[in-house]
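A.B. asks: A predicted structure for the sequence below; I have some questions about it.
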Amino acid sequence: MVGFRDAYTLWRWLPFPRCGVHKDLILAHDDMALADEYVSTVARFVERGIHKSAPASVDVLGMIEDVQRRIEILIGEVAGEDLVIARQQHAYAALMHFIYAEFLRMDPSRDSA
């Protein structure tokens, strides 16, 4: 099983997926980029011990889950290079979801609540 540190290391070294030519892949790519910005706050935690998640008004995991659902539909509709890109986007989104969910579970303020 992949742990938080391994998943984080993999995510940091993976290139961000391409967007493809299908308009819905491009939209998913754009939304995934926004989610990736929020997930990037995990780097502060790993590298400096600062645990600061997205504002409560932002449902990062929900954003990622929405992108994953949309890409899952596209996987059944696209072919060729767009299918490869859709699968890469989906895998990248799954990795982001795992990392951010684990990050939230490590929130030190949860212990004092």
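C.D. replies: Received it, and whenever you're ready, just let me know what you need. Numbers count the residues shown, from 1 in each chain.
A.B. asks: any idea where the helices of this protein begin and end?
C.D. replies: Ranges of helices in the chain, per DSSP state H, are 4-13, 23-39, 42-48, 60-75, 80-105, 109-112.
A.B. asks: CA atoms only for the third one - export them in CSV, please.
C.D. replies: In this case it means helix 42-48. Output of helix 42-48 as CSV, limited to C-alpha atoms (Å, rounded to 0.1, in the frame of the first residue of the first chain):
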residue,chain,number,x,y,z
VAL,A,42,0.6,20.2,1.4
ALA,A,43,4.3,21.0,0.5
ARG,A,44,4.4,23.6,3.3
PHE,A,45,3.4,20.8,5.7
VAL,A,46,5.8,18.2,4.5
GLU,A,47,8.8,20.6,4.0
ARG,A,48,8.2,23.0,6.9
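A.B. asks: Show residues contacting that helix.
C.D. replies: 5, 8, 12, 50-52, 99-100, 103, 106 (C-beta atoms under 8 Å, 6 or more residues apart in numbering). (Each C-beta comes from the backbone N, C-alpha and C, glycine too.)
A.B. asks: try it again with 7 Å
C.D. replies: Under the criterion C-beta atoms under 7 Å, 6 or more residues apart in numbering, residues 8, 50-52, 99-100, 103 lie in contact with helix 42-48.
A.B. asks: Tell me the buried residues within those.
C.D. replies: 8, 51, 99-100, 103 (16 or more other C-beta atoms under 10 Å).
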